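Predicted coordinates and the sequence they were generated for:
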There are 2 protein chains.
Amino acid sequence: MNEILVEPSSQEAENVVNRAFQRRAVVVIVGDCSVHYHGRASSKLTAGERVAIIKEDGALLVHRPSGYEPVNWMPGQNVAYNAKTKDKTLEIRAVRRKPAESIKLVFNRIHLISCMDLRDFGDFSLHASEEDMHRAILLKPSLLETGFKPISYEKKVEPGFMDIYGIDRNGKLMVVEVKRKTAGKEAVLQLAKYMEAVKRKANREVRGILAAPDIAKDAHRTLETFGLEFLQVDPRKCAETLQQAETRKLAEFFGENQL
Amino acid sequence: MNEILVEPSSQEAENVVNRAFQRRAVVVIVGDCSVHYHGRASSKLTAGERVAIIKEDGALLVHRPSGYEPVNWMPGQNVAYNAKTKDKTLEIRAVRRKPAESIKLVFNRIHLISCMDLRDFGDFSLHASEEDMHRAILLKPSLLETGFKPISYEKKVEPGFMDIYGIDRNGKLMVVEVKRKTAGKEAVLQLAKYMEAVKRKANREVRGILAAPDIAKDAHRTLETFGLEFLQVDPRKCAETLQQAETRKLAEFFGENQL
DNA sequence: ATATGCATGTCGCAC
DNA sequence: GTGCGACGTGCATAT
C-alpha cells in the first residue's frame, strides 16, 4: 500500500504519516524543516530544505542536500513516533530510552511525502573484511610467510584476544595482529600489548607480526622501537584465496552428492 | 525546479535522472533494485525494495527498509554518475577515484522518483562534544577538581598530544585525558602512555587523571594497575558552563559597544 | 597527501 | 546489560 502526497497541507500530512507509523511503512518526506535534538548531546538545526526518512524499525535520518552523513538521526531501537499539526506546521517527535534521547522535526512546508510498505528479502554479501583475511591466512598460511603454522585463532591472553597465534618455520612463536587497511599507531600498540603478555607467559622467543596491506611511516618507527615486524598482506588476494577455497568446497560437495 | 514521477518507465526515469545529475539536483528513488560495489571491498546485494538518495555533491545512499546505516553508499567527493536503460531496467553507475571504487544500481522497478533543487542555508550547532568538555574545564577547572590549575592544552609530548596538563592544589603535576562517554581500556592505555612520558621528563610526582562521565569496570582495574585516577566529569554540566560563559561574554560585548 | 583521533558514531559478538 | 573492536567507517585537523 503506497501513499504519495505532493505539497500536502500539514493536516493531510499528519494523517498519512501517523497511519504510516501505525503500519510501520517507510516514510520519505522532502520539505523545509528545522530540527532539535536532545540526548547524548544537544543540537539545533535552523530551517532549510531536507530529506527525512523514517524506516520500519523506527530508524530516522535527516539529510541535507549534500554530504554523506545525516545531519540528525535516531537509530531504530526502542523509538516511539508521533506527528501532529501545530500552527500550520507538522511536528514529528521521536523519543527513545536507553540512551535517553529525543528529536523534533518541524516542517514549515512539505514538498513530497511517500509512505510505502517495502519488501526487501535481498541477500547482502561482503568480501575483503578483516574476518576474511583471518580465514584466508588460516586456510593458506603462506599468505603471511612461508612455513608459518597457525596454532589458534582469537586466543585469549591477559589484555584481550590475539588475532592469530602460531609458529614460524624456525619454531619461533608468532603473535599476529591483522589489519585490513593501512595500520597506524593503535594497531602497533595493540600488538605490543599482546606480545608482552605472551613473552611473559611463554618463556621463549616471540615474534610480533603486524599483517596489513600497508603501515603508516610513524607507526613503522614505533614498530621498530618495540622490536616488532610488519608483513605485507593483500586483502584482495585473501578474498581470492577464500573464493577459490569456496569453489573447491562446493565442487567436493556436489561430487559427494553425485555418488 | 521539481520533477516527481510515479511508476515511470525505465526510459522516463533515465531522462529525468540524467537531467537531475546535470543540474546537481537531489534525487530520491524508491524501487526494486540490486546493488554491486567494488573498491575498498566488494559487495553484492540481491534484488529488493529500497530507497536511494543521490545528493548535490554526488553522495549516494542506498537504504533498506530498516536499520540506521545505508547498506551501500558512496561519499560525495570526486564521483561521476551515469544512468542508462538496459533491458527495461535502469542502471545507475557511480565511479570515484581515490579511493578507486564504483557502485552499480540496477532498478527492476521504480515506484517513485523525485528530483528537487533543495535550498538549505540552515545553521547547525551542537553542544556536549569532547571539545566542549576541554573548553569547559579550562574555563572552570573546578569542574575537574577543586584547586586545579591548567597550564596547557593539547600539549605535545613524545607519543602524541595530552588533552590537558596542569597542577593540582598541592602543586603536583596533572596529566588529564578527557572522554565524553564511558572510558574503556584504550582511554586508560592512552593516559598511561602520556603519563610515562611526562614522568620521565619532569623529575617529580605526576598524577594521571582520566576525566569522563563513567569508566568501564575492567578499565578501572587497569587504571589502578597503572596508578592512575578516575575523576567523574559530566559532559552536560560542561556544556552548561560553556553556555553561561557565552551568555556572559555576549553581555560584556554589548555592554562595551553601548558605551 | 598522510596521519591521527573524535563521533549523538553504529553494529555485532562475547561475557 | 556491558565491554570491546571492526567498519567499504566518515570527518576535521595538523603536519
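Happy to help now that I have it.

Chain A: helices as residue ranges?
A:10-22, A:130-139, A:185-201, A:217-225, A:235-258 (DSSP state H).

Buried ones in the longest one, by neighbour count?
If I follow you right, that is helix A:235-258. For helix A:235-258, burial by neighbour count (16 or more other C-beta atoms under 10 Å in any protein chain shown) applies to A:235, A:238, A:239, A:241, A:242. For the C-beta atoms, the positions are set from N, CA and C on the backbone; glycine is no exception.

a markdown table please, covering those and showing distance to DNA strand C.
A markdown table is the format used below for those (distance: C-beta to the nearest atom of the strand, whole Å):
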| residue | distance to DNA strand C |
| --- | --- |
| A:235 | 16 |
| A:238 | 19 |
| A:239 | 19 |
| A:241 | 22 |
| A:242 | 17 |
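
okay, those residues in TSV with pLDDT next?
What follows is those, written out as TSV (pLDDT from 0 to 100):
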residue	pLDDT
A:235	89
A:238	92
A:239	88
A:241	90
A:242	88
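
can whichever strand in chain A runs longest be found next to DNA strand D?
As assigned by DSSP state E, the longest strand anywhere in chain A is strand A:101-116. No. Using C-beta under 7 Å from any atom of the strand, strand A:101-116 stays clear of DNA strand D, coming no nearer than 14.5 Å.

got the angle for that strand vs strand B:101-116?
80 degrees (axes from the mean of the first three to the mean of the last three C-alpha atoms, to 10 degrees).

In the stretch 101-250 of chain A, where is pLDDT below threshold?
The model of the stretch 101-250 of chain A has pLDDT under 70 over residues A:250.

any idea how far residue B:78 is from the residue of it found nearest DNA strand C?
The nearest approach of the stretch 101-250 of chain A to DNA strand C comes at residue A:218, 2.9 Å away (C-beta to the nearest atom of the strand). Distance, residue A:218 to residue B:78, using C-beta to C-beta, to the nearest Å: 27 Å.

Please apply the same query to residue A:130.
26 Å.

Among these two, which residue is more densely surrounded?
A count of neighbours by other C-beta atoms under 10 Å in any protein chain shown puts residue A:130 above the other of residue A:130 and residue B:78, at 15 against 11.

Was I right to think the more buried one contacts residue A:180?
Yes. If you go by C-beta atoms under 8 Å, residue A:130 and residue A:180 touch, sitting 4.3 Å apart.

The longest strand of chain A: which residues count as buried?
Across strand A:101-116, burial judged by 16+ other C-beta under 10 Å covers A:101-108, A:110-116.

One more: stretch A:148-162?
Neighbour-count burial for stretch A:148-162 [16+ other C-beta under 10 Å]: A:148, A:150, A:153, A:157, A:162.

related to what we said a few turns ago, what number of residues lie near the residue of the stretch 101-250 of chain A closest to DNA strand C?
Using other C-beta under 10 Å: residue A:218 sits among 11 other residues.

Over to residue A:229?
Neighbour number of residue A:229 under other C-beta under 10 Å is 16.

Report the contact partners of the closest residue to residue A:79 other than its chain neighbours.
The spatially closest residue to residue A:79, leaving aside those adjacent along the chain, is residue A:58, at 3.6 Å (C-beta to C-beta, 6 or more residues apart in numbering or on different chains). By C-beta atoms under 8 Å, 6 or more residues apart in numbering or on different chains, residue A:58 lies in contact with A:74, A:76, A:77, A:78, A:79, A:80, A:81, A:94, A:96.

Generate a PyMOL selection restricted to the buried subset of those.
Buried residues among the contacts of residue A:58 (16+ other C-beta under 10 Å), as a PyMOL selection:
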select buried, chain A and resi 74+76+79+81+94+96
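
The closest residue to residue A:207 other than its chain neighbours: neighbour count?
Spatially, and ignoring its direct neighbours in sequence, residue A:207 is nearest to residue A:174 (4.9 Å; C-beta to C-beta, 6+ apart). Neighbour count of residue A:174, defined by other C-beta under 10 Å: 26.

quick one on the thing from earlier: would you point out the most distant pair within the contacts of residue A:58?
Farthest-apart pair in the contacts of residue A:58 is A:77 and A:81; separation 13.2 Å (C-beta to C-beta).

Okay, domains of chain A per the record?
As assigned by automatic domain parsing, chain A contains the domains A:3-122, A:130-239.

Just the CA atoms of stretch A:104-114, as PDB, please.
Taking C-alpha atoms only, stretch A:104-114 is exported to PDB below (Å, rounded to 0.1, in the frame of the first residue of the first chain):
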ATOM      1  CA  LYS A 104      11.800  17.000  17.000                       C
ATOM      2  CA  LEU A 105      11.300  17.900  13.300                       C
ATOM      3  CA  VAL A 106       9.200  20.900  12.500                       C
ATOM      4  CA  PHE A 107       8.100  21.000   8.800                       C
ATOM      5  CA  ASN A 108       7.200  24.500   7.600                       C
ATOM      6  CA  ARG A 109       6.500  23.200   4.200                       C
ATOM      7  CA  ILE A 110       6.300  19.800   2.700                       C
ATOM      8  CA  HIS A 111       7.000  19.200  -1.000                       C
ATOM      9  CA  LEU A 112       6.600  15.400  -1.000                       C
ATOM     10  CA  ILE A 113       5.600  12.600   1.300                       C
ATOM     11  CA  SER A 114       5.900   9.000   0.300                       C
END
